[in-house]
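Visitor: Make a model of this:
(chains A and B)
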Amino acid sequence: NAGVTQTPKFQVLKTGQSMTLQCAQDMNHEYMSWYRQDPGMGLRLIHYSVGAGITDQGEVPNGYNVSRSTTEDFPLRLLSAAPSQTSVYFCASSYSHRLNYGYTFGSGTRLTVV
Amino acid sequence: GQNIDQPTEMTATEGAIVQINCTYQTSGFNGLFWYQQHAGEAPTFLSYNVLDGLEEKGRFSSFLSRSKGYSYLLLKELQMKDSASYLCAVHFNTGGFKTIFGAGTRLFVKA
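Guide: Numbering: from 1, shown residues only, chains lettered A, B, ... in the order given. This next block holds a predicted model:
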């Protein structure tokens, strides 16, 4: 099993550009989520999904879109990048009813918007 | 709203015991996670408490009191490799299926 795979690992964008961060898991996890991590602020939930076709907003959803067309994939789209979106982005997944196993995190995408 | 508090930094000595506290205010509480995160890496799962009491996993133990909105992570026989950030996170089911993280506690283990 590869676990949770995030691509790319690093990205530099210009203000106003759009891009998609990819996240894929091969553990048949129902639940997937996106977090951003900024210094001193911990992990903040952007969007999450409890299954294919179902998504919902987290704490900081503005400027981001998601979709969940398959169980395996949960891409995060930045519509028009802003410097405030410079951050480290983590994708995480889990079984919905077996949280005692915790979330599995991807290795992260380090995004810089200039 | 949801609020999670934990100390920003702690320092302890190799071989000692350290307790990292976490207090939370949330509605629809389901359970509380602890994660470890080394600098530049992804968080890794340590524990998940649903019921009150202490759960032990080797050198790491986690305690929960739901009535007090309080948890702690206890690390015994500290090793240099335990220098990391420790993240407290609450899972709740009010308005969705969400896990919210605290800002984390940076632990420095000195020789």
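Visitor: Contacts only, for the closest residue to B:A103 other than its chain neighbours.
Guide: With sequence-adjacent residues excluded and distances taken as Cβ to Cβ, 6 or more residues apart in numbering or on different chains, B:A103 is closest to A:G42, at 4.0 Å. Every C-beta, even on glycine, is put in place using the N, C-alpha and C of the backbone. A:G42 is in contact with B:87, B:101-104, counting by Cβ atoms under 8 Å, 6 or more residues apart in numbering or on different chains.
Visitor: Next one: the residue nearest the centre of chain A from chain B, what distance?
Guide: For chain A, the residue lying nearest the average C-alpha position, counting by Cα atoms, centre = their mean, turns out to be A:W34 (2.8 Å). Noted for A:W34: a distance of 12 Å to chain B, by Cβ to the nearest Cβ, to the nearest Å.
Visitor: biggest strand in chain A by residues?
Guide: strand A:42-51 (DSSP state E).
Visitor: which parts of that strand are buried?
Guide: A:42-50 (16 or more other Cβ atoms under 10 Å in any protein chain shown).
Visitor: what pairs with it, and is each one parallel or antiparallel?
Guide: Sheet neighbours of strand A:42-51, with direction, are listed as strand A:31-38 (antiparallel), strand A:54-57 (antiparallel) (DSSP bridges).
Visitor: Put together TSV for the ones you listed, with distance to B:F45 and mean pLDDT on each row.
Guide: Output for these, formatted as TSV (distance: least, Cβ to Cβ, whole Å; pLDDT from 0 to 100):
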stretch	distance to B:F45	mean pLDDT
strand A:31-38	14	96
strand A:54-57	23	95
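Visitor: Please convert those to CSV, extending it with distance to B:K110.
Guide: Output for those, formatted as CSV (distance: least, Cβ to Cβ, whole Å):
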stretch, distance to B:K110
strand A:31-38, 26
strand A:54-57, 42
